[in-house]
Structure formats: structure tokens, C-alpha cells
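**Q** predicted coordinates and the sequence they were generated for:
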Amino acid sequence: MEILATLSDTIHAYTGLSPAAFVTILSLMIGAYFLVSSFFVHPDSIATTEKSASAPDPAAPADQAPSPPPALLAEPVQMGDMTLEELREYNGSDREKPLLVSIKGDVYNVSRGWLFYGPGGPYHFFSGHEISRALALMSFDPNDFNDNIHDLGPDELEVLKDWELKFEERYVKVGRIVKSEENGTSEPELLSSDVANVREDAEAE
């Protein structure tokens, strides 16, 4: 009892508070400290989390795990001129070939964005296509995978311009679409099976 009395007198002498008030305030301060601390993560914890996230989950089904980019796609190479028919071969179905998309006739190597544009990625159905109209309209409709932007309004063309700038900043321009004798500059007509597959993929996302 003497110790408690001494402690009570000391608290009152240094803080001017009663023991009950002091304990209440101290508890609130400790609670606030842990609350604020919960908003921050130690760098070591971040590194551990990233390492764990990058490690494959052996229990995950193989068909649900995003395909990693092949090592040979690390350095984009210039492809030169190509037709839209040739562009379609670079859609990720052949892992020995890079992922390519075309915007207003400029061909970009998007292999570094394999998790997005490769098989299983959210935008994989863009790979191998001219996507100017689709980007301007923010559309996943395969019928918009072409360069027909003549009927678009100023707002849609501004959206396309923003996308074009983003691609120029993030990806390497490796070629240019040239006219084919049969199809001109527009995206060649997709097979009905291709359209169905793209639509199923878009709905699944």
C-alpha cells in the first residue's frame, strides 16, 4: 500500500493528474501508437512479402499461373515492316516470338508486360492486333481491333493519344505496319472462332 501511495503522489507531483486519469491517458497514447504503426510496414517485411509473392505456389493449378516471359524476349529487336497478317503471329501462342501490338501503324514490343499481354493476362487478346480503335473506345470487342478512327470524336481521339504516349514511354517501337494487297491498312477479318475466343476471354476477366 505504501508503494502505491508513493506512486500516486509521484504521478500527481509530475503530471498534476490523478492516477486514474494518468492511466487512462497513457492507455490512449499506447493505443494511438499501435494504430499509427499499423499503417506502416518495415522495409524488411516488404522485401519478404515481395519475395513470397514472386515465388510460385506449388498448389496453384498450372493453367491459372501467369506465364513468365521467356529469357530470349528480354531485349526487343527491330522487326521492320510487317503486315497485319504477320502481326497476328505475335500473340503469345508461340513462346519463341515476342508479344507485339500496333497503334496507329506503329508496332510495339510489349513482351516486358508479359503478365498483362501474355497468355492468361488481362489484355492478352490485344496481342497480335492493331488496337487503335479499341484503345480509343476502351473496348474489348474484337470488332474494334483495327485502325479505323476516322469516325471518332475529339474526346475519344484524346484517349487514344494518351494511350499512345504511355506505350511510347513504356515499350520499344520495333516496326511499322504496311499495307497488304488484300486487306489495306485495316485489321484483317478475324475468324469466327477467334472472335468467340476473344469474347470469352474478355467476359472471363
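**A** Sure, I can see it.
**Q** ranges for the helices of the protein?
**A** Shown for the chain, the helices assigned by DSSP state H span residues 2-15, 19-37, 43-54, 84-87, 114-117, 132-137, 154-170, 192-204.
**Q** pLDDT of the fifth one, averaged?
**A** I take that to be helix 114-117. Averaging pLDDT along helix 114-117 gives 88.
**Q** for residue 172, which non-adjacent residue is spatially closest?
**A** Counting by C-beta to C-beta, 6 or more residues apart in numbering, the nearest residue to residue 172 once its immediate chain neighbours are dropped is residue 76, at 4.1 Å. Where C-beta positions appear, they are placed from N, C-alpha and C, glycine not excepted.
**Q** contacts only, for that neighbour.
**A** Residue 76 makes contact with 98, 109, 111, 171-172, 174, according to C-beta atoms under 8 Å, 6 or more residues apart in numbering.
**Q** again, but for residue 139
**A** With C-beta under 8 Å, 6+ apart, residue 139 has these contacts: residue 133.
**Q** rewinding a little: which pLDDT value goes with the residue nearest to residue 172?
**A** 81.
**Q** and it, how close does it get to residue 108?
**A** Distance of residue 76 to residue 108, given as C-beta to C-beta, to the nearest Å: 9 Å.
**Q** any common contacting residues for those two?
**A** In terms of C-beta under 8 Å, 6+ apart, residue 76 and residue 108 are both contacted by the residues 171-172, 174.
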